[in-house]
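Visitor: fold the stuff below for me.
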Amino acid sequence: MKTVLQHLTENNPDAVVIVGFDDCLIGTATTCGSMAPVAVYSTTMIIDQLQERGLDLDDAWDHYYTNIEIADMGPHSPLMLNLEIE
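Guide: Below you'll find the predicted structure:
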């Protein structure tokens, strides 16, 4: 069975992946008008991993918003999936 990363590499070599967060990669998706898959990450898993690296919850969210969510990564940017809506 292929990993998500293998699928991306084979089907969209231009797909952007977030270095250091491979464990947070949960799948792929295509956008309307495009057949090329992009990476899909779990926001919750990213925040958990940032906390494991020593950030408290507020700092983890600040880092996420500042360095990941608002980053312009181009047309093959990953999608961030947050299933824990407050």
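Visitor: what residues does the lowest-mean-pLDDT helix or strand in the chain touch?
Guide: In the chain, the helix or strand scored least confidently by mean pLDDT, DSSP states H and E is helix 4-11, which has a mean of 90. Under the criterion C-beta atoms under 8 Å, 6 or more residues apart in numbering, residues Lys2, Ala15, Val17, Asp22, Leu25, Ile26, Gly27, Thr28, Ala36, Pro37, Val38, Ala39 lie in contact with helix 4-11. Every residue, glycine included, has its C-beta placed from N, CA and C.
Visitor: which helix of this protein spans the most residues?
Guide: The helix of greatest length in the chain, counted in residues with DSSP state H as the criterion, is given as helix 43-52.
Visitor: residues in contact with it?
Guide: With C-beta under 8 Å, 6+ apart as the contact definition, helix 43-52 has outside contacts at 18, 21, 23-24, 26, 57, 59-61, 63-64, 68, 80-84.
Visitor: select only the buried ones of these in ChimeraX?
Guide: Here is the ChimeraX selection string for the buried members of those, based on 16 or more other C-beta atoms under 10 Å:
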select :18,21,24,60,61,63,64,68,80
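Visitor: contacts for stretch 16-29?
Guide: 4-5, 7-8, 11, 15, 37-42, 45-46, 49, 68, 73-74, 76-79, 81.
Visitor: where does pLDDT dip in this protein?
Guide: When the per-residue scores of the chain are filtered using pLDDT under 70, the ranges that remain are 86.
Visitor: can I assume Tyr65 sits in a helix?
Guide: Yes - membership of Tyr65 in a helix is supported by DSSP: H, G, I helix; E, B strand; the rest coil.
Visitor: distance of it from Ile46?
Guide: Plainly put, Tyr65 is 11 Å away from Ile46 if you go by C-beta to C-beta, to the nearest Å.
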